[in-house]
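[1] sequence and predicted model, in that order:
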Amino acid sequence: MNAPVPQRLSRFQEVLLLVGQLNYSWTNTESLLIHLIAGLARVEKEVAIVIFLTLNTGKARIELVERLAKTRRVDPALRREVLGAMRQMTRQAKLRNKYSHCIYAFDETGSHASTQLMRIFDSETEIRYGKTEDLGPDEMQAIMTAVAEIKGVNAAIWDIVQRYDFPR
């Protein structure tokens, strides 16, 4: 029996696959903040989960972890590691938010893709909205790079959790 010959993905499929990987990597890594909250606040994992779920945004969760890391009782080496991981997450959040909160457009063949941002720019005299950008090779590479960097943050957080024996 012959194995099926893999077909080249359409741009539509490539975009969906990459954005899915970006969102999965982000959500998976963001959930690790539960362990950092538990360890830094010195609470049980269940309490950290309640705190995590009470905060509505990734930004608020990252800010909480940063603030907990900055307390006097946190070892300076641990503080540097946690703040470094949070800086990396914050850098990736912009791209992740862009691709999570936009409209995608594809031509009828599925070979050309673009995004339309769902954000309003308000100046004194006018508003602008729906900035459109092509989703070409450079943007696709930026998404792949972001996925790899988020995976690196994930590994760094797990390393901190394990070395400092934070609740798992």
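    Sure thing, it's come through.
[2] so the residue most central in space within the chain, which of the three states?
    Closest residue to the average C-alpha location of the chain: residue 26 at 3.4 Å, with Cα atoms, centre = their mean. Classification of residue 26 using DSSP: H, G, I helix; E, B strand; the rest coil returns helix.
[3] so what's it up against?
    Listed by Cβ atoms under 8 Å, 6 or more residues apart in numbering, the contact partners of residue 26 are 58, 92-93, 96, 150. All C-beta atoms are positioned from the backbone trio N, CA, C, and that covers glycine.
[4] quick one: it from residue 44, how far?
    Computed with Cβ to Cβ, to the nearest Å, the distance linking residue 26 and residue 44 is 26 Å.
[5] so where's this structure shaky on pLDDT?
    Where the chain drops to pLDDT under 70, the residues are 1-7.
[6] list the buried ones in the top helix by length along it?
    Counting residues, the longest helix in the chain under DSSP state H turns out to be helix 137-163. For helix 137-163, burial by neighbour count (16 or more other Cβ atoms under 10 Å) applies to 139, 142-143, 146-147, 149-150, 153-154, 156-157, 160-161.
[7] cool, stretch 126-137 as well?
    Under the neighbour-count criterion of 16+ other Cβ under 10 Å, stretch 126-137 has residue 135 buried.
[8] and what of stretch 19-36?
    Applying 16+ other Cβ under 10 Å to stretch 19-36 flags 19, 21-22, 25-26, 29-30, 32-36 as buried.
[9] strands of this structure, residue ranges please.
    102-106, 113-117, 120-122, 127-129, 132-134 (DSSP state E).
[10] quick one: strands adjacent to the last one?
    It stands for strand 132-134. The pairing partners recorded for strand 132-134 under DSSP bridges are strand 113-117 (antiparallel).
[11] same check, this time on the fourth one
    Strands flanking strand 127-129 in the sheet, each with its direction: strand 120-122 (antiparallel) (DSSP bridges).
[12] the first one too?
    Partner strands and pairing direction for strand 102-106 (DSSP bridges) are strand 113-117 (antiparallel).
[13] contacts for the strand it pairs with?
    Applying Cβ under 8 Å, 6+ apart, the external contacts of strand 113-117 come out as 11-12, 15, 98-99, 101-106, 129-135.
[14] please name the bridge partners of residue 114.
    Residue 114 has these beta-bridge partners by DSSP bridges: residue 105, residue 134.
[15] burial count for it?
    Using other Cβ atoms under 10 Å, residue 114 is surrounded by 17 other residues.
[16] same question for residue 101.
    Residue 101 has 11 neighbours, counted by other Cβ under 10 Å.
[17] quick one, what contacts the closest residue to it other than its chain neighbours?
    Spatial nearest neighbour of residue 101, excluding adjacent residues (Cβ to Cβ, 6 or more residues apart in numbering): residue 118 at 5.5 Å. By Cβ under 8 Å, 6+ apart, residue 118 lies in contact with 101-103, 129-130.
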